[in-house]
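> coordinates for the following, if possible.
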Amino acid sequence: MNEIEAVVAMKKGDQMAFKYLFNLFYDRLVAFITTYTHDKIESEDIVQQAFISLWENKSKLDETKSPKSYLYAIVYNKYINSIKKSKKQEELLSQIWERALANRIEEDTDALQLRVQKMKKVIDELPPKCKEIIIMNKIQGVKYKDIADQLGISVKTVESQMRIAFTKIREAFKEDNQLLFLLFK
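Okay, here's the model as predicted:
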């Protein structure tokens, strides 16, 4: 049996003719497409898909020509389609990643705003002198010694008031830290 006889027989549904063409061209087509894919397994998949197409479209084959050119064209087109599909998948994954990142940034911004509001509330609930000292130091940037001089108190009193403020703030955010610990454990 030669290639043309195999095409005629295959058009009539002869599976042995198909097998003959498969055995004749399979290795050559895999070698050909591997020069593009650089991946033998991917190449084998593409060639197998090409032979499925050959069988499904056997009625369209020209009985006077070898199917060699047709098979090479199918394999190459299948390769191009696989690249397009791969690029579409990469674009889709990239879009999903960007959306997830944007959502995460938005969530982080929302969480930060809530923490800032909570911090303001905790500071507002501090005793008046303690509140005044922490605002002077952390918001206005005044040093402990300068605070002591301005308020007519000792540096030790400023340190003590700051310790009270930090303790209250830590207590207020203790639940948040425990929640974060549990989430990222």
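
> neighbouring contacts of stretch 91-106?
Residues from elsewhere that reach stretch 91-106, judged by C-beta atoms under 8 Å, 6 or more residues apart in numbering: none at all. Every C-beta, even on glycine, is put in place using the N, C-alpha and C of the backbone.

> swap in stretch 69-80?
Outside stretch 69-80, the residues touching it (C-beta under 8 Å, 6+ apart) are 21, 25, 29, 32-33, 36-37, 46-47, 49-51, 53-54, 61.

> who wins for neighbours among the residues you listed?
Using other C-beta atoms under 10 Å as the neighbour criterion, residue 47 leads the contacts of stretch 69-80 with 26 neighbours.

> ok, that residue touching residue 34?
No. The criterion here is C-beta atoms under 8 Å, and residue 47 misses it with residue 34 at 9.5 Å.

> just for the protein, where's the confidence low?
Judged against pLDDT under 70, the low-scoring parts of the chain cover residues 175-185.

> recalculate using a threshold of 80.
Scanning the chain with the threshold set as pLDDT under 80 gives 100-115, 173-185.

> so what does the residue of the chain positioned farthest from its centre look like in phi/psi?
The C-alpha centroid of the chain is most remote from residue 152, which lies 58.4 Å away (C-alpha atoms, centre = their mean). Phi and psi for residue 152, reported as degrees, to the nearest 10, are phi 70, psi 40.

> next one: residue 102 from residue 89, what distance?
Distance from residue 102 to residue 89, counting by C-beta to C-beta, to the nearest Å: 20 Å.

> of all the contacts of stretch 69-80, which comes closest to residue 129?
residue 37 (74.5 Å; C-beta to C-beta).

> give me the nearest residue to that closest one, chain neighbours excluded.
residue 43 (5.0 Å; C-beta to C-beta, 6 or more residues apart in numbering).

> from residue 105, how far out is the one you found?
From residue 43 to residue 105 the distance is 42 Å (C-beta to C-beta).

> tell me which of those two has more neighbours.
Counted by other C-beta under 10 Å, residue 43 and residue 105 do not tie: residue 43 has more neighbours, with 21 against 10.

> what's the following helix or strand after the helix or strand hosting that one?
Residue 43 is part of helix 40-56, with elements assigned from DSSP states H and E. For helix 40-56, the following helix or strand on the C-terminal side (DSSP H and E) is helix 68-124.
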